[in-house]
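> This is the structure alone, sequence omitted:
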């Protein structure tokens, strides 16, 4: 459906990952070998937290309905901005129209959210899912995507207090409502969430056949493995990236996040936890 990346570490120019890597996100917008669709040209978005921002600082985002490979503003912005934590997303529209309000990532206060996948049977379940969103959040929904609806459902269920528990409850609600409308496999996708300090990356589908998700290994290990690679020298020791598909073909540089898992990136370290492993 889409492709995305989430970076955390020492501040870098956004262009290093979005534009300049071998299989950058812009390259994936043109050709995504591991994606459900090979072309992701229905808009893009970037959300970034400021360097030296205080905890709780709201991120800035830029959305466009242009294909990522075609937008000159994307090149200008990503070369000009440095950030210690940013999200980027290229979209392949699966039904909701191509408009800026449907571009990821989505933002609420200091939280960013993006999704690759779909809630099946959306036309049948949308009303019930919308009614499950708290009244204080419902007016904030600006677009028509299932992804934004999932975000505000998770916020309703406590995302700001416990992201893993809230996403668990949100996906269970999606499955409960989907099954009540005869949808066999309601949930599909990978989801990234951040509060500006921690990144939570979820890989789960009701069918157990989820879109791909990978994360990089420790940068010091990677630099030791490939001392001749100049492209690695511009990254600090804490640099980590979580991606829909690897950004390079360097053997061992990326590891796949298992099915029904949340990968948590905090202080330059990953940990994996089961996520709804026994839901179905």
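Received it, and whenever you're ready, just let me know what you need. Values in this document were obtained by computation on a predicted structure and should not be read as measured data.

> measure the residue nearest to residue 170 when sequence neighbours are not counted to residue 15 for me?
Using C-beta to C-beta, 6 or more residues apart in numbering and skipping residues adjacent in sequence, the residue nearest residue 170 is residue 154, 4.2 Å away. C-betas here are computed from N, CA, C, even on glycine. Remark: distance between residue 154 and residue 15 (C-beta to C-beta, to the nearest Å) = 30 Å.

> Comparing these two, which shows the higher neighbour count?
Ranked by neighbour count (other C-beta atoms under 10 Å), residue 154 and residue 15 place residue 154 first, with 27 against 20.

> Can you read off the backbone torsions of the more buried one?
Taking degrees, to the nearest 10, you get phi -60, psi -40 for the backbone angles of residue 154.

> Verify the contact between it and residue 167 for me.
Yes. Contact criterion C-beta atoms under 8 Å: residue 154 and residue 167 qualify, at 5.6 Å.

> what touches both of those two?
Jointly contacting residue 154 and residue 167 under the rule C-beta atoms under 8 Å, 6 or more residues apart in numbering are residue 193.

> Is the spatially closest residue to residue 236 that is not a sequence neighbour within a helix or a strand, and which one?
Of all residues not flanking residue 236 in the chain, residue 10 sits nearest, at 3.2 Å (C-beta to C-beta, 6+ apart). In this structure, residue 10 sits in strand 2-13 according to DSSP states H and E.

> do residue 77 as well
Per DSSP H and E: helix 72-80 holds residue 77.

> Enumerate the positions of that helix that are buried.
When burial is assessed from 16 or more other C-beta atoms under 10 Å, helix 72-80 yields the following buried residues: 74, 77-78.

> so that helix versus strand 2-13, what angle?
Helix 72-80 runs at 40 degrees relative to strand 2-13, counting by axes from the mean of the first three to the mean of the last three C-alpha atoms, to 10 degrees.

> Check which helices and strands the least confident helix or strand in the chain by mean pLDDT is in contact with.
When the helices and strands of the chain are compared on mean pLDDT, DSSP states H and E, helix 25-30 comes out lowest with a mean of 86. Applying 3 or more C-beta pairs under 8 Å, 6 or more residues apart in numbering; DSSP states H and E, one finds that helix 25-30 contacts strand 2-13, helix 15-18, strand 82-91.

> Following element in sequence after it, please.
That would be, after helix 25-30 and using DSSP H and E, strand 44-48.

> Neighbouring strands - and their directions - for that next one?
Take DSSP bridges as the rule and strand 44-48 pairs in its sheet with strand 60-64 (antiparallel), strand 82-91 (antiparallel).
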